[in-house]
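Just to be clear, the model below is a prediction. Sequence and coordinates:
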Amino acid sequence: MSSQRFYTGDEQGLIKVITITEPQVVKVKRVKRNQPTPEAPPKPIPTIITWGSPDREKAIQLLCWDHGKKYLAVARKNGLVQLVDPLNNGSSVYEFKLPLEKQDKVDTIFVGLFANTEHIITCTNTGVLTVQSIHNVSQQRTFSIGKDICRMRVHPKEHHVVATAGKEQELTLWDLNELSNDSSENSTPASKEKKTKQINGSSISSGKGSKKDAPSETRYKSKETLANGQLFKAKNVKNDHLDLRVPIWNTDFQFLSPINISRIAVGTRYHQIRVYDTKSGARRPVVDVEIGSMPVVAMANGPNANEIVFSDTEANVYSVNTVNGEILGQFKGFTGVATALATFVPFGGESDVSHLVSVAMDRCLRVHDLSKTRKLLHKVYLKQRMTAVVVGEFTPAEPSEEEEDNYNRSTKKSKDIKGEEGDEDDEDIWESMGKLKEKKTVKKRKNIQ
Amino acid sequence: MVEINTIKNKLKREELYQKQKSAKAKEKRDRRTALQKEEASNPEKKEKRLVENVPNTLENTREFDETIVGDDEEVAADEATDEFSQYFQSGVAPKILITTSKGPSSAVYEFATELVDIFPNSHFVKRKPQFEMRHIVEFSKNRDFTDIMVINEDRKEPNALTLIHLPNGPTAHFKLSSISLSKEIEGHGRTSSHKPELILNNFNTRLGHTIGRMFTALFPHVPEFQGRQVATLHNQRDFIFFRRHRYMFKNAKRVNLQELGPRFTLKLKWLQKGTFDRKGEYEWMFKPEMETSRRRFFL
């Protein structure tokens, strides 16, 4: 019985741990005509563990793993950012609070969250990017990167590169090390130098490819349009057929491939899917297509870099080809808008298919097959309007006693059979081969000596 | 016994058929009178028979729905702090704004008059074409309205009702059908301005609870019982039937009902988080692909 775990966050501030246990796959023997058909294998029963007590002020806005998948980072509505230990019933290991105040009647919310062993990086929709050190509480750096940010994500390999996008905010890549020069610092100036050094050190240690990126950085710098700390800034698409400016409202984006991360797919409120290539030198999107008629809510990487999955506000979830912008298919079964998506390879990465896990406003967690069938595999009712989901650990099946016995028997049998029939022939072959090898090796040794 | 339809003579066939038919009827009649006699002497048996005899309907054979709300602490906690807690916990009295789509026809005005009559503390406001829904939501918030009702029309007939709860939503959109105004109902009573009682039937799932709470929040907390007026919202197979009656005591045991009207039927099309926004996030939306079975209901 192997089991897959998911962690979800909801509007009541509860973290739920959902464990879906796959029943043992039993090969059904052929059934004779008059015999009753064997019972269908039992449906997987999800178990749900809830952490925390309901409190709307603590509503979870974002969830993510830290770099080693040891702790779970949680960003809450009241500005609390926590590191939670999944092995210890979700007790908080580390936490800090950011003041989130209303601006022009609009609530300030978290739009980005990232954690590694050194730092927690958060971003709010008002454009306050905060880098908080985990080891030293007083070490906090904040940058202002413009208002109306809709999403912040950190480069999956190089943790000092941060991407942002939003309403009238083009996709921008920032270098945190460069940004530190003109940032407004919260902590005491005495520790300023130390901090920057530490952060530089950490980023180099964590980001393997920082040296590789150096030439492209210099190239971007040569362009005058880039402000301090920016590595890349996208450019709006050309005017439409009436020669009117196309409005910008990026809602979500994803770094496409984990190996060569220069391509970024962006979804917009005007239901466009765009793919930018930061290394090609072009600032305009390589691919720009309109899909559906509703704003993009969430995006997730597909099984490979050529596919991306996104959800819109009318409870549709599409799979799109990032090379030519074609719709590959739609995932069925949603009755409410899917607020968070994540893809994973089931069975602990030992599978050639991938699955899509999603949580939706209709209070359900769903697991879909990402292959051509796009089948709904599991659906779990979670009682709350869900906001965030991350994929947890996979526990492989422990082979039961019966199975082991069967295995032993079958292997024994095969050995016996071989022993009876093919002994003589085999021995002949082995003898002839063995002699040849021995001679050769002996000769060689003599020569060397 | 002879198979009647194998007899070739038509007269004979007819005769036999009639005989057989009357024999069957007699047997049934005898069975029933015997049962009646037996049950007259033994009334417990009749009760038992009536309890056991439950015909299968679409409702009582509905598909299993895990979202049906039972005794669940988590759901109770969720409902205690939802968008309607202002009405249920803080006791804010409802104040409703009723308006129409742009350029309404006379049928819509008539229906709006009926709605104003149903809901105490409701105000009809003529829709001005220069204001969009988001403007109206803002204006209503400033004027302490708790709900907005917008009647939509198609071909000069009211066809949809949008219900917006203020200040933080949600927004529900219903298809509106089978409208009979009070004057079209024969023998209808005259309404009084008393606050009515409210009956909600069969809002069982989590979605149904939200819709039920939304309707509850339209009526004042304490009804005026001397008015003896009852508004009923009865959910059957996802159709919500609205009826309004006055009950009249004939004597200590018997009560008569007098219908006041209007009658109309609602069907939920979508529920949206927040106040009305065409591009907002839909918490629930009806799609034709969801109709997988006649026994699957959502409310």
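Right, received. Where do you want to start? The structure presented is a predicted model; accordingly, all values stated were derived computationally and were not measured.

Show me where the stretch 101-250 of chain B has its helices.
For the stretch 101-250 of chain B, the helices defined by DSSP state H, counting those that start in this stretch cover B:106-118, B:133-142, B:206-216.

next one: the last one to chain centre, how far?
Meaning helix B:206-216. Its chain's C-alpha centre and that of helix B:206-216 lie 12 Å apart, by CA atoms, centre = their mean, to the nearest Å.

could you dump that helix to CSV, C-alpha only?
Only the C-alpha atoms of helix B:206-216 are listed here, as CSV (Å, rounded to 0.1, in the frame of the first residue of the first chain):
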residue,chain,number,x,y,z
ARG,B,206,-22.6,22.8,1.8
LEU,B,207,-23.6,24.8,-1.2
GLY,B,208,-27.2,24.6,-0.3
HIS,B,209,-26.4,25.8,3.2
THR,B,210,-24.7,28.9,1.7
ILE,B,211,-27.7,29.6,-0.5
GLY,B,212,-30.1,29.0,2.4
ARG,B,213,-28.2,31.4,4.6
MET,B,214,-28.2,33.9,1.8
PHE,B,215,-32.0,33.8,1.7
THR,B,216,-32.4,33.8,5.4
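
Contacts for that helix, please.
Among residues not part of helix B:206-216, those counted as contacts by CB atoms under 8 Å, 6 or more residues apart in numbering or on different chains are A:363, A:383, B:67-69, B:75, B:79, B:82, B:84, B:87-88, B:163, B:165, B:170, B:172, B:198, B:200, B:202-203, B:233, B:235, B:240, B:268, B:271, B:284, B:298-299. Where C-beta positions appear, they are placed from N, C-alpha and C, glycine not excepted.

secondary structure element for B:Ala25?
helix B:10-41 (DSSP states H and E).

cool, and B:Phe264?
Per DSSP H and E: strand B:263-272 holds B:Phe264.

Can you name the next helix or strand after that strand?
strand B:282-285.

so where is the chain shaky, pLDDT-wise?
Picked chain A for this. By pLDDT under 70, the low-scoring segments of chain A are A:1, A:23-42, A:180-225, A:258-260, A:349, A:398-449.

right idea, wrong chain: chain B
Ranges of chain B meeting pLDDT under 70: B:1.

tell me the domain ranges of it?
Following automatic domain parsing, chain B resolves into domains at B:4-52, B:73-290.

A:Ala282 versus B:Thr81, what's the distance?
49 Å (CB to CB, to the nearest Å).

Run a quick neighbour tally on A:Val353.
13 (other CB atoms under 10 Å in any protein chain shown).

ok, the residue lying closest to it once chain neighbours are set aside - contacts?
Once flanking residues are discounted, A:Val353 sits nearest to A:Ser371: 4.9 Å by CB to CB, 6 or more residues apart in numbering or on different chains. For A:Ser371, the contact set (CB under 8 Å, 6+ apart) comprises A:303, A:353-354.

For ChimeraX, what selects the buried ones among the contacts of helix B:206-216?
Remark: buried members of the contacts of helix B:206-216, expressed as a ChimeraX selection using 16 or more other CB atoms under 10 Å in any protein chain shown:
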select /A:363,383 /B:67,69,75,79,82,84,87,163,165,170,172,198,200,202,203,233,235,240,268,271,284,298,299
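
Among the contacts of helix B:206-216, which lie within strands?
B:163, B:165, B:172, B:198, B:200, B:233, B:235, B:240, B:268, B:271, B:284 (DSSP state E).

Run through the helices of chain A in chain order.
For chain A, the helices defined by DSSP state H cover A:176-179, A:192-206, A:214-222, A:401-448.

Within range of chain A, give me the residues from the stretch 101-250 of chain B.
Within the stretch 101-250 of chain B, the residues that sit near chain A (CB under 8 Å from any CB of the partner chain) are B:Arg206.

please redo it, this time with the cut-off set to 10 Å
With CB under 10 Å from any CB of the partner chain as the criterion, the stretch 101-250 of chain B comes near chain A at residues B:138, B:206-207.

of all those residues, which comes closest to B:Lys126?
B:Glu138 (17.8 Å; CB to CB).

quick one: contacts for the closest one?
A:105, B:131-132, B:166-167, B:275 (CB atoms under 10 Å, 6 or more residues apart in numbering or on different chains).

Now which of these would you call buried?
For those, buried by 16+ other CB under 10 Å: B:166, B:275.

thinking again about what came up before, what about B:Thr81 and A:Ala282, which has more around it?
The neighbour comparison of B:Thr81 against A:Ala282 (other CB under 10 Å) goes to B:Thr81, with 15 against 12.

Just checking the distance from stretch B:47-57 to the centre of its chain.
Stretch B:47-57 sits 25 Å away from the centroid of its parent chain (CA atoms, centre = their mean).

Just the C-alpha atoms of it, please, in PDB.
Taking Å, rounded to 0.1, in the frame of the first residue of the first chain, the C-alpha atoms of stretch B:47-57 are listed here in PDB:
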ATOM      1  CA  GLU B  47     -50.100   2.700  10.400                       C
ATOM      2  CA  LYS B  48     -47.400   0.100   9.800                       C
ATOM      3  CA  ARG B  49     -48.400  -0.300   6.200                       C
ATOM      4  CA  LEU B  50     -48.400   3.400   5.500                       C
ATOM      5  CA  VAL B  51     -44.900   3.800   7.100                       C
ATOM      6  CA  GLU B  52     -43.500   1.000   5.100                       C
ATOM      7  CA  ASN B  53     -45.000   2.000   1.800                       C
ATOM      8  CA  VAL B  54     -42.500   4.600   0.600                       C
ATOM      9  CA  PRO B  55     -42.400   4.900  -3.200                       C
ATOM     10  CA  ASN B  56     -39.000   5.500  -4.800                       C
ATOM     11  CA  THR B  57     -38.500   9.100  -6.000                       C
END
